[in-house]
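Enquirer: okay, structure incoming, though there's no sequence with it:
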């Protein structure tokens, strides 16, 4: 499954670190990877509300069915261990990539991946802060 990383870049001045609250709701814009015109904007996903899989569905936090599709599309928010495993499966493509807990003084000014999403049949293309996501 495709793996999408949310990366942030910040200049820390008078702040020791900046991190994504693991319990904060995420507001994303999504698109159908098979169609440029089919999108869903301002979709809110609760990382604490995992949806129980039905039948052969994978574990996930969000599901939708695109118009004309016979299968559901899924998003799973990965924790630290699941992210490491997914990056390891990608092999050379993900070499040197790691999801960190926070932007700190040593990586201030650089893009730092703070969230990993494993997606099937859906492509996140926008992240919209609602306030309170970052601590």
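Expert: Done, it's in. This structure is a prediction, so every number in the text was calculated from the model and none was measured. Residues are numbered from 1 along each chain as shown.

Enquirer: remind me which residues of the protein are low pLDDT?
Expert: 92-97 (pLDDT under 70).

Enquirer: do that again at 80, thanks
Expert: 1, 88, 90-101, 132-135 (pLDDT under 80).

Enquirer: now residue 101: closest residue in space, sequence neighbours ignored.
Expert: The spatially closest residue to residue 101, leaving aside those adjacent along the chain, is residue 19, at 5.6 Å (Cβ to Cβ, 6 or more residues apart in numbering). Every residue, glycine included, has its C-beta placed from N, CA and C.

Enquirer: pull the contacting residues for that neighbour.
Expert: 101, 102, 103, 114, 134, 135 (Cβ atoms under 8 Å, 6 or more residues apart in numbering).

Enquirer: most neighbours of all those, which one?
Expert: residue 103 (25 neighbours; other Cβ atoms under 10 Å).

Enquirer: that residue contacts residue 113, doesn't it?
Expert: No: between residue 103 and residue 113 there is no contact under Cβ atoms under 8 Å: 10.2 Å.

Enquirer: outside of the longest strand belonging to the chain itself, list whatever touches it.
Expert: Identified as the longest strand of the chain according to DSSP state E is strand 111-120. Residues external to strand 111-120 that are found in contact with it (Cβ under 8 Å, 6+ apart): 1-9, 19-20, 26, 58, 73-78, 82-83, 86-87, 97-103, 124.

Enquirer: just those residues: which are in helices?
Expert: Cross-referencing the contacts of strand 111-120 against helices under DSSP state H gives 82, 83, 86, 87.

Enquirer: list only those of those flagged as buried.
Expert: Buried subset of the ones in helices among the contacts of strand 111-120 (neighbour count, 16 or more other Cβ atoms under 10 Å): 83, 86, 87.
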